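A.B. asks: below is the structure, and that's it, no one-letter string:
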Ligand code: G6P
């Protein structure tokens, strides 16, 4: 949610900043801006729209400077416009600031400053903060970083910020509370960004800022202070663990398609070193030391948002079956504001691709306060969820850039499968059943490949249904969350309204919507739910719905009743949800391409939602 990028060094910073904004555009893309310091003065260019628009404007009126800050925005306060775009400046025009997060008490700050004669041009909360810094700086005789810190002490809300001031040229100040920041340490140059993706091609050495830390960079180098503890902190650099290739589109037209295809090996990467098909066991090093507490928990909560929440629902089915522990799956945004029954006998699993989702983090913090053991399942190494949970499991899916989550989802589900296999084998799952389960998981990559090879037949289904305004997705058991996720994928990238439902619930409402214009995607694996799903398909057919069946085994009945069939390789029934998810990702992708939608940056969305 909003991308922050900054450069401090000797080079012309514009190419780095523009390239960095492109890398961070997945975080928000309604406007962008850049401000550069040169010879003791600061110039800025801002533009509504994507980074391309900003780049065009910069070509018309170029600016230069070797210290610079830049921002790509996802609007919270104020519509996307040139004025509301960051960086924002104070009333003297000497202080510039970029911000990710929300200043909750901005209207109070504005009111106080307005009485002091400040005027505000934008509708943003950020402009309140930059003027608060200015008010303190020009009144209290503090140096710039002290003034920034003093202002932040008055702020309620969340922020990742970078600021500079032309009265103290050659200085850059950045701080974090709730929104991630990474410092890249190069040779005689520094980079600050919302994540490491814009930095990796310049240096692999980074420092992840912790909550409440403020960095000052000047000619002498960098220093980091904990504002909370009022001390200087010495932090070692760590190495970025991904390569540039992983964050490039390569030959694919879209990141989303690349990431769908990567699932052939990302699911394997998630399992690497963790699964043993020979003896049918799984081993999860990151939680091993807490396994007995987890298995003896009275209850488990899984908390997450969006796609990760859908993975959590699959986790519920699996963990309850294999561990025999009651599992509640809750939207993090609900969990954090109610009184859940959480104590030291509770385990709270937070699932998050980015590891930075504000609600998920807040839910995890709340669970900790209540004495629960917290477990993180996340993709981004070193992210806040990874750092703040008691223990955890990385999904190892590699960087996910497309806003609609694909490979991260199947890796999250894979982790939950591994977890349930661990539970099962520690309880009463026989080694023979464990072996079948583990072998099916282990071989999943080749089945994903088969689905990808059949992408053209899914494209044909998309071509036939592209004019529909609504889709319904139906599934039972483990495939009910798959239906939800299939519908979400379609909504996110094609803007077609879609709903996922437990197949049998359809008759309690959605059935009223079914007519000859409504495609209904029915998840029909050949497991114990098959006959029941078939009955539900009959109910749809009787209302003339267009039936798209996703199945691992065609039967004469299915062939007769279905308008279209999407085939999924036949394997262990538990693996069907992962495979069918890949098919539904392709269906959503093809429909969105046919409708000429912006696949990687769908309107109004952002990949990493760091505001609540
Ligand atoms: C946003 C993204 C979704 C994602 C959700 C949760 O809404 O667009 O794709 O599922 O956030 O993100 P997380 O990083 O916590 O999994």
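C.D. replies: That came in fine, so what should we check first? Everything numeric in this text was worked out from a predicted model, so none of it was measured.

A.B. asks: list the contacts for residue 151?
C.D. replies: Going by CB atoms under 8 Å, 6 or more residues apart in numbering, residue 151 touches 129, 132-133, 135-136. Using the backbone N, CA and C atoms, a C-beta is placed for each residue, glycine as well.

A.B. asks: same thing but at 6 Å, please
C.D. replies: Applying CB atoms under 6 Å, 6 or more residues apart in numbering to residue 151 gives the contacts 132-133, 136.

A.B. asks: neighbour count added to these, as JSON lines?
C.D. replies: JSON lines is the format used below for the contacts of residue 151 (neighbours: other CB atoms under 10 Å):
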{"residue": "132", "neighbour count": "25"}
{"residue": "133", "neighbour count": "25"}
{"residue": "136", "neighbour count": "19"}
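
A.B. asks: now, those that are in helices?
C.D. replies: Mapping the contacts of residue 151 onto helices (DSSP state H) picks out 132-133, 136.

A.B. asks: which among those residues are in contact with the ligand?
C.D. replies: For the ligand, no contacts are drawn from the ones in helices among the contacts of residue 151 by CB under 6 Å from any ligand atom.

A.B. asks: can you show me the helices along the stretch 101-250 of the chain?
C.D. replies: Under the criterion DSSP state H, counting those that start in this stretch, the stretch 101-250 of the chain contains helices at 106-115, 125-140, 144-153.

A.B. asks: just put those helices in a markdown table and tack on mean pLDDT.
C.D. replies: Output for these, formatted as a markdown table (pLDDT from 0 to 100):
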| stretch | mean pLDDT |
| --- | --- |
| helix 106-115 | 96 |
| helix 125-140 | 95 |
| helix 144-153 | 98 |
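
A.B. asks: most tightly packed of these?
C.D. replies: By mean neighbour count, with neighbours taken as mean count of other CB atoms under 10 Å, helix 125-140 ranks first of these at a mean of 23.

A.B. asks: identify the residues contacting residue 317.
C.D. replies: Listed by CB under 6 Å, 6+ apart, the contact set of residue 317 reads residue 478.

A.B. asks: I'd guess it is in a helix, am I close?
C.D. replies: Yes - assessed by DSSP: H, G, I helix; E, B strand; the rest coil, residue 317 belongs to a helix.

A.B. asks: ok, it to residue 411 distance?
C.D. replies: Separation of residue 317 from residue 411 (CB to CB, to the nearest Å) stands at 18 Å.

A.B. asks: repeat that for residue 376.
C.D. replies: Residue 376 sits at a distance of 14 Å from residue 411 (criterion: CB to CB).

A.B. asks: what ranges do the helices span in the stretch 251-400 of the chain?
C.D. replies: Along the stretch 251-400 of the chain, the stretches classed as helices by DSSP H, counting those that start in this stretch are 255-271, 285-288, 291-295, 306-323, 332-335, 358-369, 384-388.

A.B. asks: the ligand: which of those is closest?
C.D. replies: Closest approach to the ligand among the helices of the stretch 251-400 of the chain (CB to the nearest ligand atom): helix 306-323, 2.8 Å.

A.B. asks: model confidence over that closest one, on average?
C.D. replies: What helix 306-323 shows for mean pLDDT is 97.

A.B. asks: tell me which residues touch residue 203, please.
C.D. replies: Contacts for residue 203 (CB under 6 Å, 6+ apart) come out as 184, 186.
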